[in-house]
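>>> quick one, fold the following:
(one chain, ligands or ions: 3)
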Amino acid sequence: MSLVTSTEMFSKAYGSYAVGAFNVNNMEIIQGIGEAAVEERAPLILQVSAGARRYARHVYLMKLVEAAVEDTGLPICLHLDHGEDFEICKSCINGGFTSVMIDGSKLPFEENIALTRQVVDYAHPRGVVVEAELGRLAGVEDAVRVDSKDASYTNPDQAAEFVERTGCDSLAVAIGTSHGAYKFKGAAQLDFERLEKIASLLPGFPLVLHGASTVIPEMVARCNQYGGKIEDAQGVPEDMLLKAGRMGVCKINIDTDLRLAMTAAIREYLALHPADFDPRQYLGPAREAIKGMVRHKLKNVLNCSNRM
Ligand code: G3H
Ligand code: 13P
Ligand code: ZN
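Ligands and ions are numbered 1, 2, ... in the order given. This is a model prediction of the structure:
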């Protein structure tokens, strides 16, 4: 088995479940995610941000993910998360990634199209698929302002035109999610009407949801119990993610929840074992915490267990 693209994963998932795309930065994270996917018999997307690539370096992440493919025997897609220009996409394509995201969401419509088209033209002849983004993810304040939705959320008609003109393979849409641990003030709200409209104009085409951590309150409490100060955190409720997975969202991105799980485990271990200083003693529980969180996501949030 070698690395795969997400094409087959998405065509199997469309309309009934979503594939988990988990951000990776080091060996323990990759191992924890891989072990969870083996136990849940789930396909997997491992994604690397520019920051992760700077932190761990391309070659280390590449080799670790190759090791995960060999170790798990699972179909794994290696994806660049939020590529901000052509150069980083090119470098990841040439460096063995099977999928890249070109994030032109901050650009005017025509410029986003031109940049995405440039990446697609480079990626496709090399067997690599491309995720693009249209619309800007919400900030905490945006959730309550209806007028700001039309300015920043994905416009369904533009989405259809964008896909047609760029030839991209999947599209990240803005319907109310946002990155990090502070997503909503008050009740969580996603614009499902908009999602439905986008999906109806792009039948069978894989949509992507970024900023989809749930920020589980018990996990925040565990972080805070041992000295953390994470206040007013709030994420996307699990039932909303399950619903999105039935509406054409084929890829759901999760990073913050893994960070919280890992940090809670390390804080707890060090607080309870102040005399220990062997990194394996706290990184082992951290890896287990990642595994537990990913199993929970695959089974209960993505509906992606037993899909192999
Ligand atoms: O969407 C961003 C991901 O959570 C990655 O974050 O850029 O800090 O690695 P990062
Ligand atoms: P979260 O911050 O909600 O985990 O989102 C991660 C993400 O979208 C990575 O691209
Ligand atoms: Zn993202």
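
>>> can you list the residues of the protein near ligand 1?
Neighbours of ligand 1 within the chain, by C-beta under 6 Å from any ligand atom: 23, 49, 51-52, 81-82, 179, 255. Where C-beta positions appear, they are placed from N, C-alpha and C, glycine not excepted.

>>> so the closest residue to ligand 1 within the stretch 101-250 of the chain, which of the three states?
Evaluated by C-beta to the nearest ligand atom, the stretch 101-250 of the chain has His179 as its residue closest to ligand 1, separated by 4.8 Å. State at His179, reduced to three classes by DSSP: H, G, I helix; E, B strand; the rest coil: coil.

>>> you'd agree it is up against Leu209?
No - here His179 lies out of contact with Leu209, judged by C-beta atoms under 8 Å, at a distance of 11.5 Å.

>>> for the two, indicate the residue with more neighbours.
In terms of neighbours (other C-beta atoms under 10 Å), Leu209 is the more surrounded of His179 and Leu209; the figures are 27 against 17.

>>> the more buried one against Ala244, yeah?
Yes - Leu209 is in contact with Ala244 according to C-beta under 8 Å; the separation is 5.7 Å.

>>> between the two, which contacts overlap?
Contact with both Leu209 and Ala244 is made by residues 18, 252, according to C-beta atoms under 8 Å, 6 or more residues apart in numbering.

>>> what sits against the closest residue to Val19 other than its chain neighbours?
Distance criterion C-beta to C-beta, 6 or more residues apart in numbering; nearest residue to Val19, sequence neighbours excluded, is Met9 at 4.9 Å. Residues in contact with Met9, defined by C-beta under 8 Å, 6+ apart, are 19, 43, 45, 75, 77, 250.

>>> which of the helices or strands spans Met9?
Element membership of Met9 [criterion: DSSP states H and E] is helix 7-13.

>>> C-terminal to that helix, what's the next element?
In the C-terminal direction, the helix or strand that comes right after helix 7-13 (DSSP H and E) is strand 19-23.

>>> buried ones in the helix or strand that that next one is followed by, by neighbour count?
Proceeding N to C from strand 19-23, the next assigned helix or strand is helix 27-40, under DSSP H and E. Taking 16 or more other C-beta atoms under 10 Å as the basis for neighbour counts, the residues of helix 27-40 that come out buried are 27-38, 40.

>>> and whatever helix or strand comes next after helix 27-40 with strand 19-23, angle?
For helix 27-40, the following helix or strand on the C-terminal side (DSSP H and E) is strand 44-49. Using axes from the mean of the first three to the mean of the last three C-alpha atoms, to 10 degrees, the interaxial angle of strand 44-49 with respect to strand 19-23 works out to 30 degrees.

>>> can you list the strands that strand 44-49 pairs with?
Strand 44-49 pairs in its sheet with strand 19-23 (parallel), strand 76-83 (parallel), by DSSP bridges.

>>> ok now it, how far from the chain's centre?
Average the C-alpha atoms of strand 44-49, do the same for its chain, and the two points are 7 Å apart (C-alpha atoms, centre = their mean, to the nearest Å).

>>> so Ile266 sits right up against Gln281, yeah?
No - no contact is recorded between Ile266 and Gln281 when judged using C-beta under 8 Å, the distance being 10.1 Å.

>>> more neighbours, those two?
The residue with the greater number of neighbours, taking Ile266 and Gln281 and applying other C-beta under 10 Å, is Ile266; the counts read 18 against 12.

>>> mind checking how far the more buried one is from ligand 1?
Counting by C-beta to the nearest ligand atom, to the nearest Å, the gap between Ile266 and ligand 1 amounts to 18 Å.
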